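**Student:** Pasted the sequence and its predicted model underneath.
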Amino acid sequence: MPQKDSFVKFENVDKSYDGEVLVVKGLNLDIPQGEFLTMLGPSGSGKTTTLMMLAGFETPTSGEIYLEGEPISSIPPYKRGIGMVFQNYALFPHMTVNENLAFPLEVRKLPKAEIDEKVHKALSMVELQDFGTRMPMQLSGGQQQRVALARALVFEPRLVLMDEPLGALDKKLREQMQYEIKHIHENIGITVVYVTHDQSEALTMSNRIAVFNDGKIQQISTPDVLYEKPDNSFVAQFIGENNQIRGKVKSVNGKNCVVVTDNGDEIVSLKINVNSVGDSSLLSLRPERVWVNAEKGNYENSFDAKVEELIYLGDHVRTRVNVCGNNQFIVKIPNSSDHSDLKEGASVKLSWKAEDTRALDFKA
Amino acid sequence: MSSETISGPILTSDGIPLKVSLKKAERINKIRAFLLVLPLLAFILITFIIPIGDMLSRSVDDRYINTVFPKTFEVYKKWDKKGLPSEEVFKTMFLEIGEAKGFKIGKASTRMNYSKSGWKSLIKKSQRKFKKIKEGPYKDKMIAVDKRWGDPIYWKALGEMVDPTTFGYYLNAVDLKYDSNKEIIAQPENRRIYIHTWIKTFKVSLLVTIFTLMLGYPIAYLLATLPLKYSNLLMICVLLPFWTSLLVRTVAWMIILQQKGVFNNLMVMAGLIADENRWKLMYNETGTIIVMTQILLPFMVLPLYSVMKTISPSYMKAALNLGASPLHAFWKVYMPNSIPGISAGGLLVFIIAIGYFITPELVGGKDGQMIGNWIAYHLKTTLNWGLCAALGSVLLAVMLVFYWLYNKIIGVENIKLG
């Protein structure tokens, strides 16, 4: 039985298109009311299929989806009362902006005056009050995107789905729209399920992120936990930049373990999902958690390294070093006077803490 | 004065005005483009534009008769149209009939026969008998040869031929004619054939357009929405008729539709109709409509398909998502977006149908004939090319009117073939 407090619930949902490959495998997911949940993953990971099942355009092969405690698999999409923003906006090209927005209200046979009022209100929300009589083709990409958003919200749906809505916009507009969508969500408190493959977009907007891969949720958590405490190597690689060091577990000591790299360096790290001595492991370490020639401090790990390459990026210098047998190791050094003497080929000492080093599973 | 004129033309770095330089740079491209279209342009000019011009001029051309009876018409113009013309008119007529070569007078008399039937036989008879008349007065002697020379109706009928141009063919094409005083009147009841045929032509074309739309729209929708591997097969089925000769298809329909044909036999076998009440599906309007619908179907499906292919499936999804039932979503969202295809297909089928002639000829019988059949008849059988040209020109004019109306109502820019 679905729980009372889960607004949307996926229960053991499988989806297959051809009867041979499962696109979504045994999906269980609870979304509380008012949450902004992002489904993040590479293409083919099953995130869009999951969204389409929720919208009603795909039916689960097995399992059930509940909305407010009510199973919805047999309800056709037009009776679900779920708003949706499509990838390419899907604004009706033969209708003006006003007509587009009035469409869901006219379908619901609202009185004319109420329709006008709601359309106006929705357009004000996206700051396009003066564009009501334009055709969608006469609007810029960003404006079309806002109209699509307004249309998905104008009929006050229980839930709004967004399928990579910002994918067609340029970078600057995309970032601006991310904040706008986030603010609208905060203001009206509607539940949003958002699909994207852009991890920075997911981090910016979401209350929680479900990382999809291979038809399964790899980890579902808040953005900071996902970034700082990835549960497995896929999540660590997919979200943010990440140094990877391969090794084998030498000893386990409570919540820590020691991993020996191929060239014999021993790294103290946090034991996440390695089980016993002898397991292969992939160590994950964020580039900004590594210190160069640090003062004496509480660092469990300290190694000699050679600077291979310096890339000047304004606010920080991206430094590629060779350490622990890994010559693709990246360190982000803040652009301050401390390290202005760094040269390619120089020898430096790198230090980092055991708690920042996560020993994850290693999949060959 | 604008600032540009004050500062003079913009110059390129080597001092030549920019516009001159640009023109020079583009000239070679223009020449190349022109050379590329030249063969087709020449082909179209020779085989299409010039014949159409020729057709238009033939439909009003009345010069030929003026070359056979130039002097007669000169004196004829002075006649006050009361009673019989003067002796002078009779005399010049007599002389010019005598002078003219056989084929010339034959062709002229055919033309005279269009205005008043009887002229041809009168001229033919007179030509033989006039040889015996050596001198005037001609009037009485001509009337003695044939009393029709004394009938003012014949003389008055010449009036419409005096000008080198005539609207007689056009009048004929819409069941009108000049009376003996050159007033426009309706043809007698039993000679009215064209108005009836025009109406039938429009009716059949309109019905064929509607039927092809009704049958083609669902197919085109399926084609546009099915996955590629199925839609390809379906597309081949749609295009199959194009790979079969038009005549073969029409004859196949004759086998199916005739009273002892496949369709009626099946219906009788199934006990749905009685043997003596077999349906008449051929040699009438029904046959024309059935066969033309099948033959013109691809011309409707293809434009529809190519437009529907561009309608994003997300429109329908969005409409459903916004709460519209599938039917409502189709009617309010999908259908309006497919209008360019409907217009293109409709106009194409209508234009082809309105001038169709082989199919009505073979399966239409007497009842299913269209205007194209009359054009072919006059072209090949009666050799009345003036009337052919007039009928063709009316057809062309009607098409242009339809096109103009279409442009007014829907807009030509809404036609899309993909």
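**Tutor:** On my side now, so go ahead. Numbering: from 1, shown residues only, chains lettered A, B, ... in the order given.
**Student:** Write out the residues of the stretch 101-250 of chain A neighbouring chain B.
**Tutor:** Residues of the stretch 101-250 of chain A found near chain B (Cβ under 8 Å from any Cβ of the partner chain) are A:F103, A:P104, A:V107, A:R108, A:R151, A:F155. In this view, the C-beta of every residue, glycine as well, is placed from N, C-alpha and C.
**Student:** Tell me the one of the residues you listed nearest B:N337?
**Tutor:** Distance to B:N337, by Cβ to Cβ, is smallest for A:F103 among these, at 13.7 Å.
**Student:** residues contacting that closest one?
**Tutor:** Going by Cβ atoms under 8 Å, 6 or more residues apart in numbering or on different chains, A:F103 touches A:F92, A:M95, A:R151, B:A319, B:L322, B:A324, B:K332.
**Student:** Is the fifth one in contact with A:P157, as I believe?
**Tutor:** No: using Cβ atoms under 8 Å as the test, B:L322 is too far from A:P157 to be in contact (9.1 Å).
**Student:** who's in contact with the residue lying closest to B:Y76 once chain neighbours are set aside?
**Tutor:** Sequence neighbours aside, B:V89 is the residue nearest to B:Y76 in space, at 5.5 Å (criterion: Cβ to Cβ, 6 or more residues apart in numbering or on different chains). Shown in contact with B:V89 (Cβ under 8 Å, 6+ apart): B:T72, B:V75, B:Y76, B:W79, B:W155.
**Student:** Let me know the closest of the residues of the stretch 101-250 of chain A next to chain B to B:I49.
**Tutor:** Using Cβ to Cβ, A:F103 comes nearest to B:I49 of these, at 48.8 Å.
**Student:** Tell me if the closest one really is in a helix.
**Tutor:** Yes: counting by DSSP: H, G, I helix; E, B strand; the rest coil, A:F103 falls inside a helix.
**Student:** how's chain B carved up into domains?
**Tutor:** Domains of chain B are assigned by automatic domain parsing as B:19-58, B:65-175, B:194-414.
**Student:** Export those domains to a markdown table and append columns for mean pLDDT.
**Tutor:** Listed next are these as a markdown table, based on pLDDT from 0 to 100:
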| stretch | mean pLDDT |
| --- | --- |
| domain B:19-58 | 90 |
| domain B:65-175 | 84 |
| domain B:194-414 | 89 |
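**Student:** Reformat the ones you listed as CSV; add distance to A:F86.
**Tutor:** Output for the domains of chain B, formatted as CSV (distance: least, Cβ to Cβ, whole Å):
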stretch, distance to A:F86
domain B:19-58, 41
domain B:65-175, 56
domain B:194-414, 5
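**Student:** number of nearby residues for the closest residue to A:V119 other than its chain neighbours?
**Tutor:** In space, and not counting its chain neighbours, A:V119 is closest to A:L101: 4.4 Å by Cβ to Cβ, 6+ apart. Counted by other Cβ atoms under 10 Å in any protein chain shown, the residues lying close to A:L101 total 29.
**Student:** pLDDT weak spots in the stretch 1-150 of chain A?
**Tutor:** Residues of the stretch 1-150 of chain A that meet the criterion pLDDT under 70 lie in A:1-5.
**Student:** Quick one: the helices in it, in order.
**Tutor:** A:47-55, A:97-107, A:112-125, A:141-154 (DSSP state H, counting those that start in this stretch).
**Student:** does A:N298 sit in a helix or strand, and which one?
**Tutor:** Counting by DSSP states H and E, there is no helix or strand that carries A:N298.
**Student:** sorry, back to before: now for the residue nearest to A:V119: which residues touch it?
**Tutor:** Shown in contact with A:L101 (Cβ under 8 Å, 6+ apart): A:K118, A:V119, A:A122, A:L123, A:G132, A:V147, A:A150, A:R151, A:V154.
**Student:** three-state assignment of A:K172?
**Tutor:** A:K172 ends up helix, using three-state DSSP.
**Student:** Roughly how far does it sit from chain B?
**Tutor:** Using Cβ to the nearest Cβ, to the nearest Å, one gets 25 Å for the distance from A:K172 to chain B.
**Student:** Tell me the spacing between that residue and A:G141.
**Tutor:** 12 Å (Cβ to Cβ, to the nearest Å).
**Student:** for A:T196, same thing?
**Tutor:** 17 Å.
**Student:** Count the residues that sit near the residue lying closest to B:L206 once chain neighbours are set aside.
**Tutor:** Spatial nearest neighbour of B:L206, excluding adjacent residues (Cβ to Cβ, 6+ apart): B:F350 at 7.2 Å. As a burial measure, B:F350 scores 21 neighbours (other Cβ under 10 Å).
**Student:** so which strand or helix has B:F350?
**Tutor:** helix B:335-354.
**Student:** now A:K248
**Tutor:** Residue-wise, A:K248 maps onto strand A:243-253 under DSSP H and E.
**Student:** List the buried residues for stretch B:301-317?
**Tutor:** Neighbour counts over stretch B:301-317 (16 or more other Cβ atoms under 10 Å in any protein chain shown) mark B:301-308, B:311, B:314-317 as buried.
**Student:** and for B:L322 and A:P157, which residues touch both?
**Tutor:** A:G83.
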